[in-house]
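Novice: Pasted the sequence and its predicted model underneath.
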Amino acid sequence: MSTQEVFVQQFARLFQHYSEALSPQAEKEIITWSSVPSEERDRLVAAARLAILELDTNSRMDHSRPHFAKPGEAEWGC
């Protein structure tokens, strides 16, 4: 298993953990990762993979465009 796949699975596990912990029903029952049905785990891992891919894509798009100051707003050093 690649380190990227391990990261995605850890991200999905943490997301599920905090989602459960912050839900209004958190006091009723604590659900562990191992007790989540495998189909639900697969869905969470797929969602985590897509979220990470989107974050990476958006980050690359933001850095690929040159940034120019608007006319009259540039700061000039001495």
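Specialist: Now that the structure is in, tell me what you want to look at.

Novice: Please count neighbours and contacts with C-alpha atoms only from this point.
Specialist: OK.

Novice: Tell me which stretches of the protein form strands.
Specialist: With strands called from DSSP state E, the chain shows none.

Novice: Show the low-confidence segments of this structure, by residue range.
Specialist: 26-28, 61-69, 74, 76-78 (pLDDT under 70).

Novice: top helix in it by residue count?
Specialist: Criterion DSSP state H: the longest helix present in the chain is helix 38-64.

Novice: how distant is that helix from the center of its chain?
Specialist: In this view, helix 38-64 has its centroid 6 Å away from the chain centroid, taken as C-alpha atoms, centre = their mean, to the nearest Å.

Novice: which strands and helices sit next to it?
Specialist: Secondary-structure packing of helix 38-64 (3 or more C-alpha pairs under 8 Å, 6 or more residues apart in numbering; DSSP states H and E): helix 3-22.

Novice: Would you mind listing the buried residues in the helix it packs on?
Specialist: Val8, Gln9, Phe11, Ala12, Arg13, Gln16, Glu20 (16 or more other C-alpha atoms under 10 Å).

Novice: would you put the C-alpha positions of stretch 34-54 in PDB?
Specialist: Taking Å, rounded to 0.1, in the frame of the first residue of the first chain, the C-alpha atoms of stretch 34-54 are listed here in PDB:
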ATOM      1  CA  SER A  34     -13.600  -1.000  12.900                       C
ATOM      2  CA  SER A  35     -17.300  -1.100  13.700                       C
ATOM      3  CA  VAL A  36     -18.200   0.900  10.500                       C
ATOM      4  CA  PRO A  37     -19.500  -1.500   7.800                       C
ATOM      5  CA  SER A  38     -16.900  -2.000   5.100                       C
ATOM      6  CA  GLU A  39     -19.100  -0.500   2.400                       C
ATOM      7  CA  GLU A  40     -19.400   2.700   4.500                       C
ATOM      8  CA  ARG A  41     -15.600   2.700   5.100                       C
ATOM      9  CA  ASP A  42     -15.000   2.400   1.300                       C
ATOM     10  CA  ARG A  43     -17.400   5.300   0.700                       C
ATOM     11  CA  LEU A  44     -15.600   7.500   3.300                       C
ATOM     12  CA  VAL A  45     -12.200   6.600   1.800                       C
ATOM     13  CA  ALA A  46     -13.500   7.500  -1.700                       C
ATOM     14  CA  ALA A  47     -14.900  10.800  -0.400                       C
ATOM     15  CA  ALA A  48     -11.600  11.600   1.400                       C
ATOM     16  CA  ARG A  49      -9.700  10.800  -1.800                       C
ATOM     17  CA  LEU A  50     -11.900  13.200  -3.800                       C
ATOM     18  CA  ALA A  51     -11.600  15.900  -1.200                       C
ATOM     19  CA  ILE A  52      -7.800  15.700  -1.100                       C
ATOM     20  CA  LEU A  53      -7.700  15.700  -4.900                       C
ATOM     21  CA  GLU A  54      -9.900  18.800  -5.000                       C
END
